[in-house]
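Student: okay, here's the prediction I keep looking at, along with the sequence it came from:
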Amino acid sequence: MKEAGKTVLDVAEKRRLDEVEAYLVSNRVLTIRLVNNAVFESKGVHDIGAGLRVIKDNMLGFSSTSDLSKKSLEKLVDAAVFASKARKLPFKYSFPKPKKKPTVTGVYDKKLAELPPENAVELAYDMVDASLARSKKIVDNAGVLNVVNYDTLVLNSEGVSAENKGTFFEASLSATAKRGGEVSEGSEATAGRSLKELKTREIGEKVAEMAVSGLKTQKLKENVYTVILDHEPAQEVTSYVSMLVSPMIARLYFPLFLDKLDKKVASAHITLIDDPLMPNGVGSAPIDDEGTPSKKHVIINKGILKTFVYDSFYGATENKKTTGNAVRASFAVGVSSFPGKNYNGEPIPVLRNPFIKPGKWRREEILEDTKQGLLIRRFHYSRLTNPTRGDFTSVLRMGLYAVENGEIAGAIKKSRLLDNLLNMLQNVDAVSDKLVVAGNWGDYAHTPVIRTKAHVAPTD
Amino acid sequence: MILQKLLSSNLKLHTWLDGIIMGEDLALFAVEHASKLGADYVDVRLEEHYNELITVANGKVQRGIINRKRGIGVRTLVNGAWGFQSTADLTKKGIRQAAEIAFKVAKASSKHVSTPVKLVPTKAHKTSYKTKVKIDLEDLAFEDKLKQIITWERKLHTSKKIVRGLAEYTGIKINKTFANSEGASIGFFNTLTWLSLKADSKKGVMTQFYEKTVGHSGGYEIFKKNDMEKMSSEIGNKAESLLSAKAAKTEKDVTVILDNDYAALLVHEIVGHPSEADRVLGREAAWAGTTWWAGKIGEKIGSEYFTAYDAPTVPSALGYYLYDDEGVKAERKMLVEKGVLKGHMHSRETAAVFGVQPNAGMRAITFEYVPLIRMSNTFFGEGDWKKEEMIEETKHGYLISCMRHPSIDDKRYNWTISAQEAYEIKNGELTTHLRDIALTSIAPKFFKSINAASEKTKILPLPGCGKGDPMQSLYVGNGGPYIRGVATILGVS
């Protein structure tokens, strides 16, 4: 990769380009998919590629290729220059300068990187085995184990030369329990950076417990409830907020926070931090995808929106410096949701390792303190249906329980949450004291449990 | 050899960056190597991709990208278990490694497979074909396209009430060679083009938006066929008009007439997805969900006005192809006929489970991913009404226009889909213009309520249908005629 990067810089110099940046990737993903209590398929992908940005006379162009031969890289430079011709920037733009790279521990694990595919198959199946062993009422399991091993290199004409190696896994399982005519589901998903964090039997057991606990449900009445959002739904709320504080996503798609800087967007219980220097953090890395050293930022401080986050480009559009939040995402076909990877897109600014600052409550105390309400353990099919107003909906397909006088009073039938994200954030009145990794579909964060209010209705 | 056939035809081959013309040899090398290792069945997709992406918002270029990639995906069946590995390393060493990993993981998985995979035999086709293109994407200068898109975005701003305009263009060329261990060898040169336009409007605290997507399997000529500046202005005007529209109020079980655009998202969500046979078999339970109509083939699940198809062969529709990613020849699939559930979309594997013939339902977004059962072009069948008559005949109801957002339960049973706008119908005439509206119902209840379908079907582009783990966001076509039925109106403001 270093050789390919050097070739690109040399070619750019010969073409007398003002600046050039090459982002090179070698990324391996192994996916073991489980269906009907069995291994259904095992699949792997090896991504290799280079994404190139060029600046000439303050015109910016981008192109990418998966072919790292010399001839191809020469054509890559030509293609990027070609793409730049119509993109004259109305502001002065320059790629980041080199800065000292900090150290982040716990983001690369050799054992995970070199995990033989056959062992990955056994680990994935372990989740199913544990779930079936936990209860005879479990009739079906499905899930996935993804193992990611990435190596990226950023080189630019300003002197940046920064490598970033990492490993990542995602393990999820869903189980179906049956008792007589009753059917119930359970689900659990987690992620981590090392093999030792992958506790497949624990996942299987948790899922089985959740599935069995949902047998025998009652229908709820449509109302505004006090809701305890367990780790996964709380992570989804964090994930939406992460998008709202990206100036690119906010301007183009989700403008809810655009006019709310230094204004109240959440209750005083919410402090949202982005810390990609966190040891062993699911989103941690020493540098961002432009090679800028990672930094910790307070995004929302006691409910007040303090800052958006920037890469060098979106920073330049507002005359601000990069905050080290450049993430290579792509809107081209065939992209990966996993870290480390997309060479075929320009960076966009997003939160990298966000978390809601833990509060003072233990999870059990939040439950005990709730006179009447709902415990929500999973969201499904969540949507920001009106991104300008913040209208939000999610299907509460499983893991929904009534809470009465501080105790779980039974499982509730499938329902729908239909409320407003801004209202939900502003009504948060309790945050738990422990962060747990939760999420799904490659999107994970360290999350506490939060309590708020929301409108919930039955689905039938 | 397919290479000679491709060269001798008038097919304009995409010459890759280093001058290599994509051919069959590498694909056959992969098939042979995996077969020698002991795989019972092998198929490969050797592909090269060219993408263009341009995004303009409020007059500023947000993205102007040219992507190229190529690689191979090797799928193996060993002792009844699937394995897959893809790579962008197209050296013989790289392909050999990919074949070996695909074989190894399949073999390891076979120890934990509950029911060994069986495939329905299918003819091994040797052919090549391409999408009809009048203006090749690379024949028009990138900067010229950028200038046009900047103009179209500017036209969204019909007044100061339009606070945000967004134009997103995607152009894709895919040169694909499929080969398998049964002797199939199929070349497909596909071109896809689409543009999404969106205008956000604001007046005081009230905000609204309106959006449309134009696209097809074909080249840049789609933007010559349509008056894009006029379309942009219409979108801006619509976004503005919604500011003074009335908020819809909740009303239970009322007559609704769905236009083609809204019907497109409805058929996608409650007919297309539940027709995927892997979903019917419960194999998507942990991801996208299951299907309420599993086990109901042959049962009446809707009225006689409810017919639905999936047809890859519709020329220029976004989900166009003639052979799927298992090499099966495509044809129109009857999903529902006059209210009776007739069939599902199949792979060779699910066809074996159901005891039917495979019907070319498998597609992968790129060589990097396994093929999955996907919609191609799924649409409601036509009726014999004129849409004007449907409105004239309605004493009280609503004309629901243009899709917005879906939220559907995991069985595709309970559905809620919002619309961009609606009009109240009173005594056969369109009256009050309505905003912030969604429809909700239960799928079988709605299907049984369908009492009219208009004469003409329109198939619209839906470029971002998600399925799979890792997620594959695939382009499909959806649509139908105007459909009349009964549903509950939800006011969502």
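Tutor: On my side now, so go ahead. Remember, predicted model here, so these are calculated numbers, not experimental data.
Student: closest residue of the stretch 351-493 of chain B to chain A?
Tutor: B:T366 (3.5 Å; C-beta to the nearest C-beta). (Glycine included, C-beta is placed from N, CA and C.)
Student: my guess is that residue contacts B:Y50, does it?
Tutor: No: using C-beta atoms under 8 Å as the test, B:T366 is too far from B:Y50 to be in contact (12.0 Å).
Student: do a quick rundown of the helices in the stretch 1-150 of chain B.
Tutor: According to DSSP state H, counting those that start in this stretch, the stretch 1-150 of chain B carries its helices in the segments B:2-8, B:24-37, B:92-109, B:142-154.
Student: need the winner for burial among the ones you listed.
Tutor: helix B:92-109 (a mean of 23; mean count of other C-beta atoms under 10 Å in any protein chain shown).
Student: helices of the stretch 1-150 of chain A, residue ranges please.
Tutor: Counting by DSSP H, counting those that start in this stretch, the helices of the stretch 1-150 of chain A are A:2-14, A:70-84, A:110-113, A:117-134.
Student: now mean pLDDT too, for these, in a markdown table please.
Tutor: Formatted as a markdown table, these follow (pLDDT from 0 to 100):
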| stretch | mean pLDDT |
| --- | --- |
| helix A:2-14 | 87 |
| helix A:70-84 | 88 |
| helix A:110-113 | 96 |
| helix A:117-134 | 94 |
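Student: quick one, which of those is nearest to A:Y240?
Tutor: helix A:117-134 (28.1 Å; C-beta to C-beta).
Student: show me what the closest one is packed up against.
Tutor: With contacts taken as 3 or more C-beta pairs under 8 Å, 6 or more residues apart in numbering or on different chains; DSSP states H and E, helix A:117-134 sits against strand A:19-35, strand A:38-56, strand A:138-156, strand A:161-179, helix A:200-213, helix B:92-109.
Student: am I right that the residue of the stretch 351-493 of chain B closest to chain A is in a helix?
Tutor: No: looking at B:T366 with DSSP: H, G, I helix; E, B strand; the rest coil, it is coil, so not inside a helix.
Student: how many neighbours does it have?
Tutor: When neighbours are counted by other C-beta atoms under 10 Å in any protein chain shown, B:T366 registers 22.
Student: tell me the spacing between it and A:L17.
Tutor: Distance, B:T366 to A:L17, by C-beta to C-beta, to the nearest Å: 30 Å.
Student: what does the stretch 51-200 of chain A have sitting close to chain B?
Tutor: Taking C-beta under 8 Å from any C-beta of the partner chain as the measure of proximity, the stretch 51-200 of chain A contacts chain B at A:60-67, A:69, A:71-72, A:75-76, A:79-80, A:82-87, A:90, A:117-118, A:120-122, A:125, A:140, A:142-144, A:146, A:172-174, A:176, A:187.
Student: joint contacts of B:T366 and B:Y50?
Tutor: B:I174 (C-beta atoms under 8 Å, 6 or more residues apart in numbering or on different chains).
Student: pLDDT weak spots in the stretch 351-460 of chain A?
Tutor: Low-confidence segments of the stretch 351-460 of chain A, defined by pLDDT under 70: A:460.
Student: domains for chain A, by residue range?
Tutor: A:2-209, A:217-458 (automatic domain parsing).
Student: tell me the bridge partners for residue 400.
Tutor: The chain I'm using is chain A. A:I376 (DSSP bridges).
Student: meant chain B, my bad for not saying
Tutor: Applying DSSP bridges to B:I400, the residues it is bridged with are B:L258, B:A422.
Student: so the closest residue to A:G166 other than its chain neighbours versus A:S161, what's the distance?
Tutor: Spatial nearest neighbour of A:G166, excluding adjacent residues (C-beta to C-beta, 6 or more residues apart in numbering or on different chains): A:V107 at 4.8 Å. As judged by C-beta to C-beta, A:V107 and A:S161 stand 19 Å apart.
Student: next one: B:I257
Tutor: Taking C-beta to C-beta, one finds B:I257 at 62 Å from A:S161.
Student: so for the two, which sits in the more crowded spot?
Tutor: B:I257 (27 against 15).
Student: what number of residues lie near B:D139?
Tutor: 10.
Student: wait, B:L242 touches B:Y210, no?
Tutor: Yes: counting by C-beta under 8 Å, B:L242 touches B:Y210, with 6.5 Å between them.
Student: what is in contact with the two at once?
Tutor: B:201, B:420-421.
Student: and B:A263, how far from B:G183?
Tutor: Taken as C-beta to C-beta, the span from B:A263 to B:G183 is 42 Å.
Student: of the two, who's got more company?
Tutor: B:A263 (26 against 12).
Student: residues contacting the more buried one?
Tutor: B:380, B:479-483.
Student: specify the beta-bridge partners of A:V395.
Tutor: What pairs with A:V395, by the bridge criterion (DSSP bridges), is A:H380, A:R416.
Student: still on that earlier bit, as CSV, the domains of chain A with distance to B:N359 would be great.
Tutor: Below are the domains of chain A laid out as CSV (distance: least, C-beta to C-beta, whole Å):
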stretch, distance to B:N359
domain A:2-209, 21
domain A:217-458, 24
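Student: tell me which of the ones you listed lies nearest to B:M345.
Tutor: When the domains of chain A are compared (using C-beta to C-beta), the closest one is domain A:2-209, at 17.4 Å.
Student: output the below-cut-off pLDDT ranges for the stretch 1-150 of chain B.
Tutor: B:1-24.
Student: equivalent analysis for the stretch 101-250 of chain A, please.
Tutor: Applying pLDDT under 70 to the stretch 101-250 of chain A flags no residue at all.
Student: try it again with 90
Tutor: Along the stretch 101-250 of chain A, the model assigns pLDDT under 90 to residues A:117-118, A:181-183, A:216, A:248-249.
Student: same question, the stretch 301-450 of chain B
Tutor: B:368-369, B:405-414, B:416.
Student: tell me where the stretch 201-350 of chain B has helices.
Tutor: Using DSSP H, counting those that start in this stretch, helices in the stretch 201-350 of chain B cover B:222-225, B:228-241, B:260-267, B:277-280, B:348-354.
Student: now these in CSV, with distance to B:L197?
Tutor: Shown next, in CSV, are those (distance: least, C-beta to C-beta, whole Å):
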stretch, distance to B:L197
helix B:222-225, 11
helix B:228-241, 5
helix B:260-267, 14
helix B:277-280, 32
helix B:348-354, 38
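Student: okay if I get the helices and strands packed on helix A:117-134 as JSON lines plus distance to B:S275?
Tutor: Shown next, in JSON lines, are those (distance: least, C-beta to C-beta, whole Å):
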{"stretch": "strand A:19-35", "distance to B:S275": "18"}
{"stretch": "strand A:38-56", "distance to B:S275": "20"}
{"stretch": "strand A:138-156", "distance to B:S275": "20"}
{"stretch": "strand A:161-179", "distance to B:S275": "22"}
{"stretch": "helix A:200-213", "distance to B:S275": "27"}
{"stretch": "helix B:92-109", "distance to B:S275": "27"}
